[in-house]
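1. Model the structure of this input:
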Amino acid sequence: MEKTESTHHHPIFPHESSSSFENHSDEEELFAKTIDKFVLEQVNPDMEKLEAHDYKVARELFKYAGDLGLLGADVPEAYGGLAMGKRTAGLIAEKMGFAGSFSVSFNIHSGVGTLPFVYYGTESQKQKYLSRIISGEWVGAYALTEPNAGSDALSANTTAKKVADTTDWVLNGEKQWITNAHIADVYVVFANTDQGMTAFIIERSTPGVTIGPEEKKLGIKGSSTATVILEDVRISEDQVLGEIGKGHHIALNILNLARLKLSFANIGTSKQALRIAIGYGKERKQFKQSIIQFGMIQEKIANMAIAIYGAESSAYYTADRIDRLDKENDESVLKNLSAYAMDCSVNKVAASEVLDYVVDEAVQIHGGYGYMQEYEVERIYRDARINRIFEGTNEINRLTIAKSFLKKYSQFKSTIEEELVNGSSNNLFVCYASKIVNIIMNALSNTCDLRNLNQVYARILADCVKELYVMKGSHINSEVIQKHQQFRKKMTEILCEESYYRLESNAIVLISSICSEEDKEQLINEINAFPVMHTNIITKKQEIANEVIEKNGYFLG
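-> Purely as a prediction, here's the structure:
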């Protein structure tokens, strides 16, 4: 066994015995209502101004959000934050998902624009910047991407060089597609030094900092996106963030948390699209009745709700896991964050693809009207597409899922095999899906170099891991949370059954590609022998659709 970075193994999948799921607290419910009101009364009326790049309006919204306490949920109280953790920050991001492109600006500010200071800032840096950032007085941004460094984000060309006979630094380069570029007061900028990539704090007012024109984008038009140009930008050594040469740790760990936050925003927008689709379906008459009464429309409504439920269950489970890191005394939060790269990427992929599916179906329910700009769903459809690209493309995130899983498997093989084969579950689909993942891993171990796995094999493995993670998260959700529990159980039954067959199909494709004919036949027969039973999904979906339609949307909370 290879030497591990940690003294113990964090379970790789959600555990049925977990009590991490809880109903939202009264305080969280109050936050949810506050954000609903904020979006309805402050953001939505100014959507056209935001999309016309009225920076004054955007700044006023940030200040208003700061006054409401929405910008510092996971910032320590010592710096003016609320210290409520990733779960509450996730709820805020979810509800802000109803705010169109302002949601993007908001999440960049409260995520990658804030958390580098929380986790890596010196005491003086925290004192100087955090109070301004979480009050909305200043807007934050994160400058990593470059024209030639997209998915390969760590191969930046921006340079930072020491000024001779001083402790100052001079930065030169361009950072591309920077969200909040035109409204930000402070940027976390990554540059190469003689000792490796390093993070720097660059204030907008620093000489040599200029901002390019707004990019003309397919969607999220209301968020500022532009190039940040650095020409002989001279800064002092106290503007180094973290350790010199260790900026890649900041970039990767903060990016993981950004992926989780993004998943919550995607869940919120998915709920918005479902609500809009139901509202339209009730109003639109064809063949002398509302189209919401048609069977295929109701099937779409049920499928949309079930997909959202899975993404929501998974994201809140992960947020709870990370929140528990703050309560562990044996290892630092920062050291543990990297252990949750897989979890964050699972959620980023799952939620962004659920959003695309849900919004696409919402447009379909609108028919031709969904293609018209006067209908809100058209904007949501365009806005949604970016989510599979930024914070790491879903292809990169799939590679992260596979790489992280394989790394843990190589370190804790026997423990993970035990977790997969003997993990207790009263849901047969979850139980046998776990066993299939173990079969996949045995087949890969026997036939492939796990340290240099074919990308397509890695993609299939990632999809299987994602399916199992969401299945188990949803199962725990239905077992632990009492509110609407019977409805949750019904959603879980369908989600797990359909996820199982997707996972099974992927497994068979992979096994057929890597195994000998003899081994292939044996393993596929083993999978086919698992005693899972098809159920009456059509009737269950009809029941779900009826409840969701009656409530005018996804209502579990």
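
2. Please compute how far the helix or strand where residue 397 lies lies from its chain's middle.
-> Assigned by DSSP states H and E, residue 397 falls within helix 394-411. Relative to the chain's own centre, helix 394-411 is displaced by 16 Å; criterion: C-alpha atoms, centre = their mean, to the nearest Å.

3. ok, residue 212 - contacts?
-> The contact partners of residue 212, taken as C-beta atoms under 8 Å, 6 or more residues apart in numbering, are 181, 226, 227, 228, 229. Where you see a C-beta, it was placed from the backbone N, CA and C, and this is true even at glycine.

4. still on that earlier bit, after the helix holding residue 397, which helix or strand is next?
-> Per DSSP H and E, the first helix or strand lying C-terminal to helix 394-411 is helix 413-422.

5. Just to be careful, could you list which of the contacts of residue 212 are in strands?
-> With strands defined by DSSP state E, the entries of the contacts of residue 212 inside them are 226, 227, 228, 229.

6. and the contacts of residue 212, which are buried?
-> Buried members of these, counted by 16 or more other C-beta atoms under 10 Å: 181, 226, 227, 228, 229.

7. pull the helix or strand with minimum mean pLDDT from this protein.
-> helix 333-337 (a mean of 75; mean pLDDT, DSSP states H and E).

8. show me the contacts for residue 233.
-> By C-beta under 8 Å, 6+ apart, residue 233 lies in contact with 170, 171, 172, 202, 206, 207, 208, 209.

9. Tell me what it is bridged to.
-> Beta-bridge partners recorded for residue 233 (DSSP bridges): residue 171.

10. I'd assumed residue 253 was in a helix, is it?
-> Yes: if the criterion is DSSP: H, G, I helix; E, B strand; the rest coil, then residue 253 is within a helix.

11. Compute the distance between the residue lying closest to it once chain neighbours are set aside and residue 322, please.
-> Closest residue to residue 253 apart from its sequence neighbours, by C-beta to C-beta, 6 or more residues apart in numbering: residue 337 at 4.7 Å. Separation of residue 337 from residue 322 (C-beta to C-beta, to the nearest Å): 7 Å.

12. Mutual contacts of the two, please.
-> Residues touching both residue 337 and residue 322 (C-beta under 8 Å, 6+ apart) are residue 257.

13. who's more crowded, these two?
-> For residue 337 versus residue 322, the count of surrounding residues by other C-beta atoms under 10 Å is larger for residue 322: 23 against 19.

14. In terms of secondary structure, what does the strand or helix carrying the more buried one contact?
-> In the assignment (DSSP H and E), residue 322 maps to helix 295-325. Helix 295-325 is packed against helix 85-96, helix 247-283, helix 333-337, helix 341-366, helix 455-480, helix 485-514, helix 537-550, with contacts defined by 3 or more C-beta pairs under 8 Å, 6 or more residues apart in numbering; DSSP states H and E.

15. Quick one, which of the ones you listed gets closest to residue 238.
-> Residue 238 lies closest to helix 247-283 among these, at 16.0 Å (C-beta to C-beta).

16. ok and that closest one relative to helix 394-411, angle-wise?
-> 120 degrees (axes from the mean of the first three to the mean of the last three C-alpha atoms, to 10 degrees).

17. Show me which residues of helix 247-283 are buried.
-> 247, 249-278, 280-281.

18. next one: stretch 54-69
-> Residues of stretch 54-69 classed as buried: 57, 58, 59, 61, 62, 65, 66, 68, 69 (neighbour count, 16+ other C-beta under 10 Å).

19. quick one: contacts for the second one?
-> It refers to residue 58. Residue 58 neighbours (C-beta under 8 Å, 6+ apart): 50, 102, 105, 139, 183, 222, 224.

20. returning to what we had before: turn the helices and strands packed on helix 295-325 into JSON lines, columns for distance to residue 233.
-> Below are these laid out as JSON lines (distance: least, C-beta to C-beta, whole Å):
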{"stretch": "helix 85-96", "distance to residue 233": "31"}
{"stretch": "helix 247-283", "distance to residue 233": "16"}
{"stretch": "helix 333-337", "distance to residue 233": "28"}
{"stretch": "helix 341-366", "distance to residue 233": "31"}
{"stretch": "helix 455-480", "distance to residue 233": "38"}
{"stretch": "helix 485-514", "distance to residue 233": "48"}
{"stretch": "helix 537-550", "distance to residue 233": "52"}
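
21. weakest of these by average pLDDT?
-> Note on those: lowest mean pLDDT is at helix 333-337, with a mean of 75.
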